[in-house]
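Colleague: kindly return the folded structure for what I paste below:
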Amino acid sequence: MFIKVKELELRKMTLDETFTPGVIDLGQEIQQDTPLQVAGRAELIEENRGAHEVVEDIRLVGNFSTQVTARCARCLEPVSQDVKEAFDLLYRPLGVDAKGDDNSIGRAETEIGYYEGEGLLLEDILKEQILLALPVRMLCRTGCKGLCPHCGCNLNVESCKCAAMPPDVRWSALEDIRRKLEH
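Modeller: Residues are numbered from 1 along each chain as shown. All right, here's what the predicted structure looks like:
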C-alpha cells in the first residue's frame, strides 16, 4: 500500500490492512506465519519553518500483530514468536533537514524517518517495525543448552558423546592465577 502525500493533503487515511505471509520480505532468517494485521491512520502534518517554508511530514499512528518463526540462537530449532506492537512514526521529506556543513544531530532528529518522492510504502515501514520488535537473540527457552561445538548434537535432546577436550595450554597461566586466588 503506497501512502501518497497528495492524498494526505486532502484527508487523513485510515489504515486497516491484512498482509498474507510472504508479501513482506523479512529476510532469510525470519518467516511470517500468520497474516499481518495493521490498523491505524496516516496524516499530513505541516511544519512551518519561517515565513515561506512549509515542510510536509507524514505521521503514522497505529498497531500491528502477527506471528513469526526464526531459529533459536543456541540450538537452531524453530521458535515461534507473537509480535504485537503499537507505533507512532514521523517521516519527513529526504533532504529537508540537510545543512551545508557536518552538524551533530539531536535526540529529536533520531526519531524521524525520511521519505523520498511522492510518499512511502507501508510494507517497508512494517518490515522495519517487525524487525525492531523482535528480540536480538531468539531462544527456544531460557535454559537452552545449544549445540555441541564438536559434534553438533542438540544438547537439549541428547547428551554429547564427545570426549572431554583437554584444556588449551595457552590458558594455563590464567588457570594458575585462578587457583592461587581461590586459596
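
Colleague: report the helix or strand with the lowest average pLDDT across this structure.
Modeller: In the chain, the helix or strand scored least confidently by mean pLDDT, DSSP states H and E is helix 107-110, which has a mean of 57.

Colleague: which parts of the protein are helices?
Modeller: For the chain, applying DSSP state H gives helices covering 5-10, 107-110, 122-133, 172-182.

Colleague: quick one, domains of the chain?
Modeller: 2-133, 145-183 (automatic domain parsing).

Colleague: below-threshold pLDDT in this protein: ranges please.
Modeller: Along the chain, the model assigns pLDDT under 70 to residues 96-110.

Colleague: which helices and strands does the longest strand along it pack with?
Modeller: Assignment by DSSP state E gives strand 54-71 as the longest strand of the chain. Applying 3 or more C-beta pairs under 8 Å, 6 or more residues apart in numbering; DSSP states H and E, we find strand 54-71 packed against helix 5-10, strand 31-32, strand 36-48, strand 78-93, helix 122-133. All C-beta atoms are positioned from the backbone trio N, CA, C, and that covers glycine.

Colleague: could these be laid out in a markdown table, adding mean neighbour count and distance to residue 161?
Modeller: Putting the helices and strands packed on strand 54-71 into a markdown table (neighbours: other C-beta atoms under 10 Å; distance: least, C-beta to C-beta, whole Å) gives the following:
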| stretch | mean neighbour count | distance to residue 161 |
| --- | --- | --- |
| helix 5-10 | 13 | 63 |
| strand 31-32 | 18 | 33 |
| strand 36-48 | 16 | 44 |
| strand 78-93 | 15 | 25 |
| helix 122-133 | 17 | 38 |
